[in-house]
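# coordinates only, sequence not included:
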């Protein structure tokens, strides 16, 4: 006899921050794997464009407005998604943006904005779906974290603090949910080529990159693609019951170096 009942054939999912970047790629990937998906974002028209593409490919999806900084918006989103697709089996909490600036230069309001989006918003989503998951004794919550929560990076202090808080919340959930059948995971993207990651002001880019290199955080110029993270998140979601992936960090592979250059580096090192 199996230790756990397998995942149900139908696993409705909600993806927060699905209008672009990692969220959009994740919604598309999940739909391709048979998940009915509710795409949520403030730019609901962008979500609808993706929904049309998903449906054209034979998937099941709906687009709904979502602002994770608004508690009523989160409640309405989860309620509407449940009404349309059924009980939510999977939450991917990935809504957010990045504000670049040194901590002593940005305002407390700007700092708070990052916490509201990346930490409080994720908490609102999780608490909206967790009671039903615990009652059914199954479900997956996947938080989109960041490698910045593991290794702080200059000019991203507000974002990094919020993501560090998110990681702490996720780890606490893992302990508190043990034995309920509900799994909580964190996927940490490294540098990723998305609109969010390329929103730094041009007058700050040079000094920012210099600081990153100084602290060993800009070793090469390759970036992950949103599709790379979508595959990783889907892999976590599809992990058979009986085990779960607590944390998964994805980093971009460095470009292939010339053999002579590598030999020279070893000699000089």
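Alright, I've got the coordinates. Keep in mind it's a predicted model, so treat the numbers as computed, not measured.
# which residues of the chain fall in strands?
Along the chain, counting by DSSP state E, strands occupy 13-16, 37-41, 61-65, 90-93, 139-144, 182-189, 247-250.
# Any idea which of those strands gets closest to residue 129?
Set against residue 129 and scored by CB to CB, those come closest in strand 90-93, at 5.1 Å. Where you see a C-beta, it was placed from the backbone N, CA and C, and this is true even at glycine.
# Residues touching the closest one, excluding its own?
11-17, 23, 26, 30, 35, 121-122, 125-126, 129, 139-144, 233, 237 (CB atoms under 8 Å, 6 or more residues apart in numbering).
# Check stretch 52-68 too.
Contacts of stretch 52-68 (CB under 8 Å, 6+ apart): 16-17, 27-28, 31-32, 36-42, 44, 47-48, 50-51, 73-74, 76-77, 80-81, 84-85, 95, 117, 120-122, 124-125.
# Mind checking which of these are buried?
Among the contacts of stretch 52-68, the ones that count as buried by 16 or more other CB atoms under 10 Å are 16-17, 27-28, 31, 36-42, 44, 47-48, 50-51, 73-74, 76-77, 80-81, 85, 95, 117, 120-122, 124-125.
# Helix or strand, whichever it is, which one in this protein has the lowest mean pLDDT?
Least confident helix or strand of the chain, by mean pLDDT, DSSP states H and E, is helix 259-268 with a mean of 59.
# From residue 102, how far off is the closest residue to residue 121 other than its chain neighbours?
Computed as CB to CB, 6 or more residues apart in numbering, the closest residue to residue 121 that is not its neighbour in sequence is residue 68, at 2.9 Å. Distance, residue 68 to residue 102, by CB to CB, to the nearest Å: 26 Å.
# the more surrounded of the two?
residue 68 (26 against 14; other CB atoms under 10 Å).
# confidence score at the more buried one?
At residue 68, the pLDDT value in this model is 97.
# Show the backbone phi and psi for it.
phi -70, psi -10 (degrees, to the nearest 10).
# Low-confidence regions, this protein specifically.
Along the chain, the model assigns pLDDT under 70 to residues 1-2, 194-206, 212-216, 259-269.
# What's the biggest helix in it, counting residues?
helix 157-176 (DSSP state H).
# mind listing what's buried in that one?
For helix 157-176, by 16+ other CB under 10 Å, it's 157-167, 169-170, 173-174.
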